[in-house]
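>>> Just to be clear, the model below is a prediction. Sequence and coordinates:
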Amino acid sequence: EKLIEVNAEWKTQQFSTELVNQLKSKNLLTFNDWIAAHLMLVESTLKNRDVSHLTTAQRNNRLHLLSELNGYWKAKIFPINDYLTYKNPVFIDRIGTHCAVGYLMQQSGNDKLAREIDANEKFAYVKEIKTEGVAAWAKTYGFTIDELAWIQPGYPPNFVLTDLAGGLNGAVNAMAIDQSGTLYVGGNFTNATEGGECNHVAVYLSGIAGWLWAPLGQGLNGNVHTMLIHNNKLYVGGDFITADGISANHIAAYDLQSGQWENAGSLDGTVKTLAIFNNELYAGGSFTGFLSKWNGNNWIDVAAGFLYGNEVRTLEANGEVLYIGGDFELATGALRKNVAIYDGTYILLSGMGTATPVNDFETYNGKLYAACDYISATNDTCALAVLDEMEWKTVIGRNYFVSSGAFLSGDIKKLLTNGNEMLAAGNFFCAVEMLIGNNLMAYRESAQDTMITPLLVTDSAINCMAFLYSNTLCIGGDFVGPQGDPLNHIASIDISTGINKQFLNHSELKVYPNPSSDFVTVEAESSLGTINLFDVTGKLVYQSFENGSKTLLPFKDLSKGVYFLKSEKHIEKIIKQ
């Protein structure tokens with residue numbers, strides 16, 4: 001599956017499974033590691049193919065270039081895709097690094113051909129290249145076009161995630177930011193990666209030698225699942241029973257002024273969520289009753305047996321009520337599950353609830369949304385739900401496709417409003433046209449359209465997120481990094497310039513007439529640059545480079561249907577009549 005991600009030709013090529021099994025013993029972390037592994041296996045396979053039908057000159061040329069390919073993949077210097085927001089071949093990048101096929105042309109003394117392909121068809125797959133001379137070159141050097149297509153990998157987009165002082169040695173499950181902008185995190189870790197003990201809770205500080213992770217006393221003796229700052233105290237909940245050596249059954253408080261841990265009562269099971277409602281502290285989890293209120297001395301069960309099942313996972317104060325989400329049912333006689341309301345006195349119904357357990361709530365576009373588990377074995381599954389006219393309706397379910405994106409599968413764990421879009425984090429896969437991403441996406445809903453935009457590729461789940469500064473999004477989770485980059489469970493990204501953000505703005509691109517049957521005029525306020533036209537399957541059907549701000553797009557020979565036009569800064573949907 002990873003090799004197919006590098007090059008889809010693995011679906012059709014003949015190769016030895018024993019050869020591929022070599023990869024099980026290799027430590028393949030980054031996408032470059034996988035490109036190198038791909039080329040290693042292709043080189044080995046092509047060297048062992050029967051080439052008796054070739055001339056002596058062709059066999060010698062082929063063997064020479066396969067030896068050159070060996071040095072190429074060992075060096076691991078591959079093109080950087082900072083042109084496109086999806087994985088795609090790049091023949092030669094901005095600093096002159098050739099792709100594998102371009103490199104073979106260069107080493108054979110045919111760099112002029114490689115440069116011509118780059119100028120005219122930089123992003124084309126080998127089988128799509130129309131530049132004259134490619135077939136003749138391939139024949140001279142003993143390769144088929146299918147073999148060259150197998151050599152040519154696609155390169156992922158060059159997004160930037162910034163590590164935070166080397167990260168931590170275990171999963172980050174929760175984070176909180178105080179009024180001064182100081183970041184506190186909790187999770188399954190016990191140490192900072194760059195040194196220093198910080199048992200399950202840490203603070204990100206600027207020290208003499210730069211930024212570092214500092215402990216809060218001796219920390220906790222178990223995992224943290226939730227954090228909340230209120231009245232200059234950091235409240236934490238989880239699986240622990242001591243904090244800095246004092247008794248703290250699943251809940252504790254750290255005084256931010258005195259720097260001391262305090263007892264915050266006792267709960268008999270895991271605390272998963274904390275919230276302030278009517279200026280009082282509430283906790284939800286798998287302890288007795290699932291929902292309790294802190295009166296300053298003790299925790300008071302406020303659910304009164306009305307909730308049963310597994311646990312409460314999230315609490316959200318919304319107007320005059322507290323929304324309760326999780327994996328539970330309500331004792332009403334009829335099946336109502338996963339969502340309830342508390343008005344300060346009673347547990348109340350919230351419609352019939354959601355189809356699957358709820359992990360988080362967020363208000364977006366004036367409506368309350370719920371992030372949910374995606375249960376693949378359930379036909380009525382739900383990854384995202386919205387409260388509409390007092391009833392919860394599934395927004396993203398099984399095989400969810402919109403004109404501008406698709407949610408393929410997985411759980412959404414956290415939601416966060418960011419202006420006119422909502423960020424969603426978790427353990428899922430999503431896509432827009434040819435771009436595949438996972439675990440972090442932007443969701444935008446309007447009267448005209450709904451858009452899903454993948455923002456990252458990480459190697460495991462994102463559990464939590466918060467804005468560290470106005471445009472700096474901090475993410476924490478199970479991940480080590482994107483394709484293995486050493487981030488170690490926590491990182492930041494500039495969300496204002498993050499991958500695909502430019503494609504969320506339609507206003508500066510004019511496309512007319514739309515719908516059309518013959519020609520479409522494309523006009524922008526600045527240079528259009530590369531123009532790509534995709535059909536609804538993500539196939540590139542037309543490409544050109546435009547120095548000017550206006551061009552005519554030929555449409556006559558295309559089949560009727562929906563197409564997506566991308567310039568370097570915009571995207572528009574076009575309908576062919």
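Yep, it's here.

>>> Apart from its neighbours in sequence, what residue is nearest residue 415?
residue 362 (3.5 Å; CB to CB, 6 or more residues apart in numbering). For glycine as for every other residue, the C-beta is placed from the backbone atoms N, C-alpha and C.

>>> oh, I was asking about residue 101
residue 152 (4.9 Å).

>>> my read: the one you found touches residue 98, true?
No: assessed by CB atoms under 8 Å, residue 152 is found out of contact with residue 98, at 11.1 Å.

>>> partners of residue 423 in the sheet?
Residue 423 has these beta-bridge partners by DSSP bridges: residue 416, residue 442.

>>> need the contact list for it.
Each residue near residue 423 by CB atoms under 8 Å, 6 or more residues apart in numbering is listed here: 415-417, 440-443, 455, 465, 473, 495.

>>> Please apply the same query to residue 458.
So residue 458 contacts 438-440, 477, 479, 481-482 (CB under 8 Å, 6+ apart).

>>> Quick one: distance of the helix or strand where residue 473 lies to the chain centre.
Residue 473 is located in strand 472-477, with elements delineated by DSSP states H and E. Counting by CA atoms, centre = their mean, to the nearest Å, strand 472-477 is centred 11 Å from the centre of its parent chain.

>>> same thing with stretch 56-63?
Centroid displacement of stretch 56-63 relative to its chain, using CA atoms, centre = their mean, is 45 Å.

>>> Same question for that stretch: list its buried residues.
Buried positions in stretch 56-63, judged by neighbour count with 16 or more other CB atoms under 10 Å: 58, 61-62.

>>> Any chance of these in a markdown table with pLDDT and distance to residue 88 as columns?
Putting these into a markdown table (pLDDT from 0 to 100; distance: CB to CB, whole Å) gives the following:
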| residue | pLDDT | distance to residue 88 |
| --- | --- | --- |
| 58 | 97 | 30 |
| 61 | 97 | 29 |
| 62 | 97 | 27 |
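
>>> Residue 115: which of those residues is nearest?
Closest to residue 115 out of these is residue 61 (20.5 Å), distances taken as CB to CB.

>>> Which residue, other than its chain neighbours, is closest to that closest one?
Using CB to CB, 6+ apart and skipping residues adjacent in sequence, the residue nearest residue 61 is residue 141, 4.3 Å away.

>>> quick revisit: only alpha carbons, please: show the strand or helix carrying the residue nearest to residue 415 as CSV.
Of the helices and strands defined by DSSP H and E, residue 362 is found in strand 358-364. Only the C-alpha atoms of strand 358-364 are listed here, as CSV (Å, rounded to 0.1, in the frame of the first residue of the first chain):
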residue,chain,number,x,y,z
VAL,A,358,-19.4,12.0,20.3
ASN,A,359,-15.9,13.2,21.0
ASP,A,360,-16.2,17.0,20.8
PHE,A,361,-18.7,19.9,20.2
GLU,A,362,-18.1,23.1,18.4
THR,A,363,-20.2,26.1,17.3
TYR,A,364,-19.7,27.0,13.6
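
>>> Now do it: everything it contacts.
Contacts for strand 358-364 (CB under 8 Å, 6+ apart): 313-314, 316, 318, 323, 325-327, 338-339, 368-373, 385, 411-417, 422, 426, 445.

>>> from those residues, which ones fall inside strands?
Judged by DSSP state E, the contacts of strand 358-364 include 313-314, 316, 318, 323, 325-327, 338-339, 368-372, 385, 411-417, 422, 426, 445 as members of strands.

>>> and stretch 113-132, average pLDDT?
Mean pLDDT, stretch 113-132: 92.

>>> ok, back up a step: packing partners of the helix or strand following the strand holding residue 473?
Per DSSP H and E, the first helix or strand lying C-terminal to strand 472-477 is strand 490-494. Applying 3 or more CB pairs under 8 Å, 6 or more residues apart in numbering; DSSP states H and E, we find strand 490-494 packed against strand 162-163, strand 472-477.

>>> Just the buried ones from the contacts of residue 423?
Judged by 16+ other CB under 10 Å, buried ones among the contacts of residue 423: 415-416, 440-443, 455, 465, 473, 495.

>>> Tell me the one among the contacts of residue 423 nearest to residue 109.
For the contacts of residue 423, the nearest to residue 109 is residue 455 (42.8 Å; CB to CB).

>>> per-residue confidence at the closest residue to the closest one other than its chain neighbours?
Spatial nearest neighbour of residue 455, chain neighbours left out: residue 440 (4.5 Å); criterion: CB to CB, 6+ apart. pLDDT, residue 440: 92.

>>> Using the three-state scheme, assign residue 440.
Using DSSP: H, G, I helix; E, B strand; the rest coil, the structure places residue 440 in strand.

>>> what about it, distance to residue 334?
Counting by CB to CB, to the nearest Å, the gap from residue 440 to residue 334 is 37 Å.

>>> now do residue 379
According to CB to CB, residue 379 and residue 334 sit 20 Å apart.

>>> for residue 232, same thing?
44 Å.

>>> again with residue 52
75 Å.

>>> cool, residue 234 as well?
Separation of residue 234 from residue 334 (CB to CB) stands at 40 Å.

>>> Neighbour count: those two, which is higher?
Legend: neighbour count by other CB atoms under 10 Å for residue 234 and residue 334, higher for residue 234 (22 against 7).

>>> Quick one: residues contacting the more buried one.
Taking CB under 8 Å, 6+ apart, we find residue 234 in contact with 176, 178, 184, 216, 227-228, 253-254, 256.

>>> secondary structure class for it?
Of the three states, residue 234 takes strand under three-state DSSP.

>>> Not counting sequence-adjacent ones, nearest residue to it?
Residue 234 sits nearest to residue 254 (CB to CB, 6+ apart), 4.3 Å away.

>>> Ramachandran angles for that neighbour?
Dihedral pair for residue 254: phi -120, psi 120, per degrees, to the nearest 10.

>>> so where's the stretch 301-450 of the chain shaky on pLDDT?
377-378, 403-404, 432-436 (pLDDT under 70).

>>> where does the stretch 151-300 of the chain have low pLDDT?
Residues of the stretch 151-300 of the chain that meet the criterion pLDDT under 70 lie in 156-160, 207-209.

>>> one more time with 50
Within the stretch 151-300 of the chain, no stretch has pLDDT under 50.

>>> Kindly report the same for the stretch 451-577 of the chain.
Using pLDDT under 50, the stretch 451-577 of the chain drops low at 484, 497-507, 536-537.

>>> again, only this time at 70
482-485, 496-509, 534-539, 562, 564, 566-573.

>>> So which of the helices and strands packed on strand 490-494 is nearest residue 238?
Closest approach to residue 238 among the helices and strands packed on strand 490-494 is made by strand 472-477 (14.3 Å; CB to CB).

>>> hmm, back to that, ranking by neighbours, what's the top pick from the contacts of residue 234?
Using other CB under 10 Å as the neighbour test, the contacts of residue 234 are led by residue 254, with 26 neighbours.

>>> And that residue, how far from residue 54?
Residue 254 is 73 Å from residue 54, by CB to CB.

>>> Which helix runs longest in this protein?
If you go by DSSP state H, the chain has its longest helix at helix 56-75.

>>> what mean pLDDT would you report for the next helix or strand after it?
The C-terminal neighbour of helix 56-75 among helices and strands, as given by DSSP H and E, is helix 100-107. Throughout helix 100-107, pLDDT has a mean value of 96.

>>> Tell me which other helices or strands helix 100-107 touches.
Where contact means 3+ CB pairs under 8 Å, 6+ apart, helix 100-107 is packed against helix 56-75, helix 111-121, helix 145-151.

>>> Using CSV, lay out these together with distance to residue 188.
Conversion of the helices and strands packed on helix 100-107 to CSV gives the following (distance: least, CB to CB, whole Å):
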stretch, distance to residue 188
helix 56-75, 36
helix 111-121, 47
helix 145-151, 41
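
>>> That concludes my questions; thank you for your assistance.
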